[in-house]
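1. model this:
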Amino acid sequence: MLKTKLKYLLLLGLTGLLTSCGEEGEASAKPSPQQMPKTAVDIELPVVKDLVVYNEFSGRTAASETVEVIPRVSGLLEKKHFTSGQYVKKGQLLFTIDKEKYAAAVSKAKSIVGKAEADVELKTVAWKKRKKVFDRSQGVSEIDVLVADAERKVANSELKATQVSLEDALRDLRYTEIIAPISGRISKSEISAGNLIAAESSVMATITQDDPLYFNFEVSERAVLPYLKLRPKEGSPIIKVAKKDLQLRLSDGSTYSQLGKVDFVANGVDDESGSYQIRARFENPNGVVSGGLFARVAIPETINKAVLVKKLAVLRDLSGYYVFLVNKSGVVEKRNIVPTSYSEGALRVIEPYNTDTGKGVKAGEQVVVSNLQKIGAGAPVTIISANKSQ
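-> Prediction:
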């Protein structure tokens, strides 16, 4: 019995000794930050400033006006007075249709008007004489006076009808000269002199006016939400977003020299595309941009006190985006951040520090920008250089 107790006590002692040795081994395997070797790093302070950024949307340019030139009367085409593709002015003569038939119709209508005017004059004189006789001596019956008056009124009505016919004939004669309804560039015309033109059945040419120039684009529901409060409403009928100067960026990478304004926002979401239709207007005095071009419009937005850090300092793991900071003790801290889609050169715009979530970077904090793969949270570092991000 005594031997058994001694063996048990000896076993407990050995177990305690081994456990103590294990704890000391673990403690020695985890040196404190002061005992760890220091990694040399460069740090930069974040830039905090008001920043103008641009939201870009794709779309196509469009002429502000497009008019199809369609004949109003039929006849043989006598002459074309322009060169296809040239710039024409409003009121400029484009085509001439044979006038012979329409000039004859005008002459006939004028003669009918003249006959009707004579008839009115005759019927008026007859009515006046009968009325005079009736008023003096009742030498004629009252019914004769009423009949004469009715004949005078009928003659006046017939005169008005002939005058309308004359106006129609004169209008048809004017339509034999087809003029440009707007100023702009005219398309190629496939119709040559000598062809028979049918009224209102064929497009002879198309004129497009691209000054001003429109740019049509679509915006998703999410992107348009900040701008909905700027739409016209009672007491404020103008689109407030129109005050912003928009840039037009062409497919070759260049930016159009003229700034534009938003002049139309759809009154609702398009059911098929699920987006809003928006139109911008750009002055185009020199005609250097035409309709139908693919481009991107850039809408400016000001971010007050934007926080910018080096792009290379922004890292990502399963927990999200983060940066490494160096605290006052010279130890690395890992700080989660919320990056935006905006950047300026080598800098990335991130959301400001949020006290509720603890995400973000404050002004004056030291962001690590070198040897990022050699450090981790809790690692001691030596700062080689400290600069402001630029």
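
2. low pLDDT regions in the stretch 1-150 of the chain?
-> Where the stretch 1-150 of the chain drops to pLDDT under 70, the residues are 1-36.

3. quick check: pLDDT value at the residue nearest to Asp270 when sequence neighbours are not counted.
-> Setting aside the residues directly before and after it, Asp270 is nearest to Gln277 in space (Cβ to Cβ, 6 or more residues apart in numbering), at 6.2 Å. C-beta coordinates here come from the backbone N, C-alpha and C atoms, glycine included. Gln277 is assigned 87 on the pLDDT scale.

4. so what sits opposite Gln277 in the bridge?
-> For Gln277, the beta-bridge partners are Glu218 (DSSP bridges).

5. give me the neighbour count for it.
-> Gln277 has 17 neighbouring residues, counting by other Cβ atoms under 10 Å.

6. OK, contacts around it?
-> By Cβ atoms under 8 Å, 6 or more residues apart in numbering, the contact set of Gln277 is Asn216, Glu218, Phe264, Val265, Ala266, Asp270.

7. how many residues are close by the fourth one?
-> When you say that, I think you mean Val265. For Val265, the count of nearby residues is 19 (other Cβ under 10 Å).

8. now swap in the second one and tell me
-> Counted with other Cβ under 10 Å, the neighbours of Glu218 add up to 17.

9. can you pull the contacts of it?
-> Counting by Cβ under 8 Å, 6+ apart, the residues that Glu218 touches are Phe57, Gly59, Asp270, Ser273, Ser275, Tyr276, Gln277, Ile278.

10. out of those, who's the most crowded?
-> Within those, neighbour counts (other Cβ under 10 Å) peak at Ile278, which reaches 23 neighbours.

11. distance check, it against Tyr214.
-> Distance, Ile278 to Tyr214, by Cβ to Cβ, to the nearest Å: 11 Å.

12. just give me the closest of the contacts of Gln277 to Lys244.
-> Proximity of those to Lys244 was ranked by Cβ to Cβ; the top entry is Val265 with 12.6 Å.

13. the closest one contacts Ile278, doesn't it?
-> Yes - look at Val265 against Ile278 with Cβ atoms under 8 Å: they come within range, at 5.4 Å.

14. joint contacts of the two?
-> Val224.

15. now distance to Ser343 too, for the contacts of Glu218, in TSV please.
-> What follows is these, written out as TSV (distance: Cβ to Cβ, whole Å):
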residue	distance to Ser343
Phe57	18
Gly59	23
Asp270	31
Ser273	29
Ser275	25
Tyr276	26
Gln277	29
Ile278	25
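
16. max pairwise distance over those: which two?
-> Farthest pair in the contacts of Glu218 (Cβ to Cβ) is Phe57 and Asp270. Separation: 14.5 Å.

17. not counting sequence-adjacent ones, nearest residue to the residue nearest the centre of the chain?
-> For the chain, Arg279 is the residue whose C-alpha lies nearest the centre (Cα atoms, centre = their mean; 3.3 Å). Nearest residue to Arg279, sequence neighbours excluded (Cβ to Cβ, 6+ apart): Phe264, at 4.0 Å.

18. and Val219, how far is that from Ile303?
-> Val219 is 19 Å from Ile303, by Cβ to Cβ.

19. contacting residues for the nearest residue to Ser319 once chain neighbours are set aside?
-> Leaving out its chain neighbours, the residue that sits closest to Ser319 by Cβ to Cβ, 6+ apart is Asn336, at 6.5 Å. By Cβ under 8 Å, 6+ apart, the contact set of Asn336 is Ser319, Gly320, Tyr321, Tyr322, Thr357, Gly358, Lys359.

20. out of these, who's nearest Phe82?
-> Phe82 lies nearest to Tyr321 out of these, by Cβ to Cβ, at 61.6 Å.

21. let's see the helix or strand encompassing the closest one as CSV, backbone CA atoms only.
-> In this structure, Tyr321 sits in strand 320-326 according to DSSP states H and E. Provided in CSV are the C-alpha atoms of strand 320-326 (Å, rounded to 0.1, in the frame of the first residue of the first chain):
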residue,chain,number,x,y,z
GLY,A,320,-12.2,42.7,-46.8
TYR,A,321,-9.9,45.6,-47.6
TYR,A,322,-7.4,46.9,-45.1
VAL,A,323,-4.2,48.9,-44.7
PHE,A,324,-1.3,48.5,-42.2
LEU,A,325,-0.7,51.4,-39.8
VAL,A,326,2.2,52.1,-37.5
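
22. that older thread, in strands, which of the contacts of Gln277 appear?
-> Secondary structure defined by DSSP state E assigns Asn216, Glu218, Phe264, Val265 of the contacts of Gln277 to strands.

23. got CSV for those residues, with distance to Ile143 and pLDDT too?
-> Shown next, in CSV, are these (distance: Cβ to Cβ, whole Å; pLDDT from 0 to 100):
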residue, distance to Ile143, pLDDT
Asn216, 73, 94
Glu218, 77, 89
Phe264, 69, 83
Val265, 72, 80
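
24. and those as TSV, adding distance to Ala198?
-> What follows is the ones in strands among the contacts of Gln277, written out as TSV (distance: Cβ to Cβ, whole Å):
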residue	distance to Ala198
Asn216	34
Glu218	39
Phe264	37
Val265	42
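
25. from those residues, which is closest to Glu142?
-> Closest approach between those and Glu142, by Cβ to Cβ: Phe264, at 69.0 Å.
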